[in-house]
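# The following block contains a protein sequence and its predicted model.
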Amino acid sequence: MSQSLPKHSLITTLLISAVLAGCSSQPSKVVEQPLPAYELAPEGADQLLERAKRSPFPESAKLKIQAADQLINDQMVRAQAILDSLNYEELPEPQRAEMALARARIAEQTGQNWEIFFWLDRASVINSSNTQLRDQSHTLKARAYNRYREYVAALDEWSMLSNISELDQQPKNRDAFWETLLNAPEERLITLGSQSSNEAMKGWLELALVYRPGKSLDQQLSDLSNWRSRWPSHTAIAYLPKDISALQIASTQQPDKIALLLPVSGPLASAGRAIRDGFLAAYYHDLSESAETIPEVTIMDTHGKNVVELANDAKNKGTELIIGPLDKINVSLLKENTPEGVTVLALNTLEGSGNHSLQKDSFYEYGLSTEDEARAVARRGILDGHRRVLIIRPETSWGDRATNSFVAEWTKLGGEVAGISEFNNKTEFSQLAGQALLVDESQKRAKELNRVLREKLGFEPRRRHDVDMIYMPSNPKEARQLKPALSYQFAGKLPVYATSSAYTGRVSPSRDQDLDNLRVPVMTWYLPDQKGNLESNIRATWSSSRGQYGSLYAMGADAFKLYPRLQQLASLPGSRLEGLTGLLSINSTHHVERELSWQVFRNGRLRPLPIPVQDKADVLAVKASQ
């Protein structure tokens, strides 16, 4: 049976046929346009976690680690909780490496520097085929080594980066790399330069060698100009002084006359004379070894005199540089009334003067203050991973200063003070230690239980476990009594820190065995087996330099080393001077900063303090008690 189409369908069909016929009668060219690029936005942490819920292991673990990695900077506690939900030992090797890296990043942010090595010194990270992950690992470890002043190890880590040029885009890492280069041994830099074929690395190493201590300012500036000519577009150009030409002119303007303003009579005479003799020892040592002209030196006694009048008198006699005075009152007076055209290197520091409205470019402060050392102890304690400290201190004004400065720095860095105990010359140290560590409270509880139960219980006294460090500012006699007392009261494994005042400066293994495991910052003058000609001459000439005034002889010698390099250290970023009182630098407020060497007593002798390896169970116990 035939069927007819509706009229409108027939018309539509004819029209389509006509169009098709027309198209087939002439050639056609179809141009394919590329589809617009479409990039999927990276998944956020919440999306990754949602996918993890629906994914089987180990994909779920991989997604959780990626989510935690995203959250570390802004939601670190949440990131930590995500990682805590995973068992490292159950993960495949690639995810083990990723988890270890994330843990190390958290450790850096929380100041648990020792944990960085705990997580990254693992086969999963070391043997990873992921170049980016290995580079991040090397960078984290290098920065951590810097914080511990382990610059040789830090340089090893930097040198293992796959592309040192990438530091150009990362100022934080670039600055850390520069710090390493400035402090690594010169021979290591030379060796690395001879072995490296990387041009970027060679530029860095050449500049670091220009900055090595010991060069005169004019020689250094000449070398810097030559370096800039050789490497006009190198990233390290950021570490050149802004105006080398102005500094080159200033470098020729060394003083012809120096005045030492020191108390060589009166109550401070012993200290003043020690500094004077140390300065003159360095002066004559330099005179015998250097062909350069050195200045004329005048010594002016400040005891009972108006220090401002002395300074003006010195200026009228042609003095261009004053070294001194020593006591804080005179330092403050001279800072307020510095003669025009005279540079001053004061031999004491004014607390809080960094923000002083009278800060002057021609006024420098250099001292061996207890406060500076106390702050250094706080920084090292935090660096070593400690957070709750017990302080045992003397009832003296010196004890006040050593404690107040420590506490201010400690709390600023996020630490907590669990308690403070004081002692004097009548204190029974074992009893004091027992009370400070709450061992006596443990014994009281046991006695009460015995009384209530009417039977003798087996009991071992215990110390408190809410502290992970002890700070013990003290002199050698006090330290030799306190340290054994702490061990007797079950605190033998607690890290104990002191200022350098706990060390006599003399090697005495039989007497210092009681100080075993005590951690102290020590100036170069007191380090064993590091005696140069100058130091040996001072010790041979003045018997008092081998006792309590030794550090002041060292300070006098360093004042002589500092004077021709004041502008150099203040103007060239990263410049250092190896002194007898430490590694010296000058900060933006013209304070001379001293970096001391951290040491620990082993069998009565000083040994370099290593990076700590802490028992994680102890750390968790402290955290649980907080």
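That came through, no problem. No experiment lies behind these values; they were computed from the predicted model shown.

# Check the contact between residue 109 and residue 72; I expect there is one.
Yes: assessed by C-beta atoms under 8 Å, residue 109 is found in contact with residue 72 at 7.0 Å. (C-beta placed from N, C-alpha, C; glycine too.)

# neighbours of residue 306, just the number please.
13 (other C-beta atoms under 10 Å).

# ok, now how distant is it from residue 347?
Relative to residue 347, residue 306 is positioned 18 Å away (C-beta to C-beta, to the nearest Å).

# and residue 109 and residue 72? which has more neighbours close in?
More neighbours surround residue 72 than the other of residue 109 and residue 72, with 19 against 12 (other C-beta under 10 Å).

# where along the stretch 151-300 of the chain do the helices fall?
Using DSSP state H, counting those that start in this stretch, the helices of the stretch 151-300 of the chain run over 151-159, 171-183, 186-195, 199-210, 217-230, 244-251, 269-289.

# and residue 324, what does it touch?
By C-beta atoms under 8 Å, 6 or more residues apart in numbering, residue 324 lies in contact with 259-262, 302, 330, 345-347.

# Can you give the contact residues for stretch 83-91?
By C-beta under 8 Å, 6+ apart, stretch 83-91 touches 58, 61, 64-65, 68, 96, 99-100, 102-103, 106.

# Out of those residues, grab the one that's most surrounded.
Neighbour-wise, the contacts of stretch 83-91 (other C-beta under 10 Å) top out at residue 68, 29 neighbours.

# Now that one: which helix or strand?
Element membership for residue 68, per DSSP states H and E: helix 59-71.

# Just list what that helix packs against, helices and strands only.
Packing partners of helix 59-71 (3 or more C-beta pairs under 8 Å, 6 or more residues apart in numbering; DSSP states H and E): helix 45-54, helix 76-84, helix 93-109.

# what about the stretch 451-600 of the chain, any weak spots by pLDDT?
For the stretch 451-600 of the chain, the stretches with pLDDT under 70 are 451-463, 490.

# Give me the most central residue, the protein.
residue 147 (4.1 Å; C-alpha atoms, centre = their mean).

# phi, psi of that residue?
Dihedral angles of residue 147 (phi, psi; degrees, to the nearest 10) stand at phi -60, psi -30.

# need the contact list for it.
Per C-beta under 8 Å, 6+ apart, neighbours of residue 147: 113, 383.

# Give me the pLDDT for it.
pLDDT recorded at residue 147 is 94.

# Kindly report the same for residue 141.
Residue 141 is assigned 97 on the pLDDT scale.

# Touching, it and residue 156? I think so.
No: distance between residue 141 and residue 156: 9.1 Å, which falls outside the contact criterion (C-beta under 8 Å).

# Between those two, point out the one with more neighbours.
residue 141 (24 against 18).

# which one is that one nearest to, not counting chain neighbours?
Nearest residue to residue 141 in three dimensions, chain neighbours excluded: residue 157, at 4.8 Å (C-beta to C-beta, 6 or more residues apart in numbering).

# just how off-centre is stretch 372-386 within its chain?
The chain centre lies 9 Å from the centre of stretch 372-386; the measure is C-alpha atoms, centre = their mean, to the nearest Å.

# And for that stretch, what's in contact with it?
So stretch 372-386 is contacted by 111-115, 147-148, 349, 389, 401-403, 405-410, 413-415, 468-469, 471, 473, 495, 497-501, 519, 521, 593-594, 596, 598, 612, 614, 619 (C-beta under 8 Å, 6+ apart).

# Let's see which of these end up in strands.
If you go by DSSP state E, the contacts of stretch 372-386 have 389, 469, 471, 497, 519, 521, 593-594, 598 in strands.

# Nearest to residue 537 among those residues?
For the ones in strands among the contacts of stretch 372-386, the closest approach to residue 537 (C-beta to C-beta) belongs to residue 594, at 22.2 Å.

# Surely the closest one touches residue 523?
Yes: Residue 594 is within contact range of residue 523, at 7.2 Å (criterion: C-beta under 8 Å).

# Now the common contact residues for those two.
In contact with both residue 594 and residue 523: 581-582, using C-beta under 8 Å, 6+ apart.

# And the pLDDT for residue 20?
So residue 20 comes in at 44 (pLDDT).

# among the helices and strands packed on helix 59-71, which is nearest residue 236?
Using C-beta to C-beta, the nearest of these to residue 236 is helix 93-109, at 24.5 Å.

# Give me the contact list for that closest one.
With contact meaning C-beta under 8 Å, 6+ apart, helix 93-109 is reached by 58, 61-62, 65-66, 68-69, 72, 76, 79-80, 83, 86, 88, 91, 113, 115-116, 118-120, 122, 124-125, 127-128, 130, 133, 136-137, 140, 143-144.

# Please name the residues that touch residue 148.
Counting by C-beta under 8 Å, 6+ apart, residue 148 has contacts 113, 383, 611.

# give me that answer again for 6 Å
Taking C-beta atoms under 6 Å, 6 or more residues apart in numbering as the criterion, residue 148 is in contact with residue 611.

# Once you drop chain neighbours, what's closest to residue 303?
residue 266 (3.5 Å).

# buried subset of the contacts of stretch 372-386?
The neighbour count (16 or more other C-beta atoms under 10 Å) marks 111-115, 147-148, 349, 389, 401-403, 405-407, 409-410, 415, 468-469, 471, 473, 495, 497-501, 519, 521, 594, 596, 598, 614, 619 as buried among the contacts of stretch 372-386.

# So, low pLDDT: which residues of this protein?
Low-confidence segments of the chain (pLDDT under 70): 1-41, 243, 245-246, 248-252, 290-292, 352-359, 439-463, 490, 614-626.

# same thing but 50
The model of the chain has pLDDT under 50 over residues 1-16, 18-30, 37-39, 354-357, 442-443, 446, 449, 452-453, 457-459, 618-626.

# Once you drop chain neighbours, what's closest to residue 256?
Residue nearest to residue 256 in three dimensions, not counting chain neighbours: residue 295, with 5.3 Å by C-beta to C-beta, 6+ apart.

# Make TSV from the helices of the stretch 151-300 of the chain and add distance to residue 433 to it.
Listed next are the helices of the stretch 151-300 of the chain as TSV, based on distance: least, C-beta to C-beta, whole Å:
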stretch	distance to residue 433
helix 151-159	36
helix 171-183	38
helix 186-195	44
helix 199-210	47
helix 217-230	52
helix 244-251	55
helix 269-289	34
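
# Ok, which of those comes nearest residue 424?
helix 269-289 (25.1 Å).

# Can you point out the buried residues in the closest one?
Across helix 269-289, burial judged by 16+ other C-beta under 10 Å covers 271-283, 285.
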